[in-house]
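> return atomic coordinates for the entry below.
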Amino acid sequence: MSSIKHIVVSIFTLVLIQGCGVYSFSGTNISPDVKTFQVNFFQNQAPRIFPGIDQRFTNQLQDLILNQTNLNLTTSGGDIVYEGEIVQDYVAPNTATSDITAAQNRLTVAVNMRFYDAKDPSLDLEQRFSFFFDYPASASENNIRDEALQVIFERITQDMFNATLARW
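The predicted structure is shown next:
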């Protein structure tokens, strides 16, 4: 009777382990062949140009991938490559008051991204990502811009990561 229990437990354990396959606790779905990544400079091609946001975005994407994977950053010949450009950076009124004036403004940034996987070209992707930040119309855009870009870039870089490496 004891040997039957051991056989049943062994079979159950084997099936459980086999069913799990390869799993990453970071939520990534990266081939074991991929060791390096490269993030090319995301140039600001939006009609409104604010100095430094292109470098800030590029650095934030690099930092996110470094922090959420075990891949090594390289400047050329990466197993996976991110490139693209910032294509929109604009402010528009979002809500109005009864006086027909803006009560809230919305800063929106959009980024075109191209992703290349040298190990598996079927995973290559080109996609546009955007996000926004709402702020009171009484506030100056210059005063909220740093905070707004932090929120927007966090969301866009995480969305890019999820689309390319987590494949959500």
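
> buried set for the lengthiest helix in the chain?
For the chain, the longest helix by residue count, based on DSSP state H, is helix 141-161. Within helix 141-161, the residues scored as buried using 16 or more other C-beta atoms under 10 Å are 144-145, 148-149, 152-153, 155-161. Where C-beta positions appear, they are placed from N, C-alpha and C, glycine not excepted.

> which residue packs closest to Asn112, ignoring adjacent ones?
Gly84 (4.7 Å; C-beta to C-beta, 6 or more residues apart in numbering).

> count of residues packed around the one you found?
Number of residues near Gly84 (other C-beta atoms under 10 Å) recorded here: 24.

> quick check: phi and psi at it.
phi 160, psi -160 (degrees, to the nearest 10).

> okay, buried residues for stretch 63-83 please.
Within stretch 63-83, the residues that qualify as buried by neighbour count (16+ other C-beta under 10 Å) are Leu64, Ile65, Thr69, Leu71, Gly78, Asp79, Ile80, Val81, Tyr82, Glu83.

> surely the second one meets Leu165?
In other words, Ile65. Yes. Shown here, Ile65 and Leu165 form a contact pair, counting by C-beta atoms under 8 Å, at 7.4 Å.

> and the helices in the chain?
Using DSSP H, helices in the chain cover 2-20, 53-68, 141-161.

> which of those has the lowest average pLDDT?
When those are compared on mean pLDDT, helix 2-20 scores lowest, with a mean of 57.

> how about the closest residue to Gln60 other than its chain neighbours, what does it touch?
Excluding its sequence neighbours, the residue lying closest to Gln60 (C-beta to C-beta, 6+ apart) is Phe153, at 4.8 Å. Phe153 makes contact with Arg56, Phe57, Gln60, Val109, according to C-beta atoms under 8 Å, 6 or more residues apart in numbering.

> adding distance to Asn29, write the buried residues of helix 141-161 out as a markdown table.
As requested, the buried residues of helix 141-161 are exported to a markdown table (distance: C-beta to C-beta, whole Å):
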| residue | distance to Asn29 |
| --- | --- |
| Ile144 | 36 |
| Arg145 | 35 |
| Ala148 | 31 |
| Leu149 | 29 |
| Ile152 | 25 |
| Phe153 | 23 |
| Arg155 | 20 |
| Ile156 | 20 |
| Thr157 | 17 |
| Gln158 | 15 |
| Asp159 | 15 |
| Met160 | 14 |
| Phe161 | 11 |
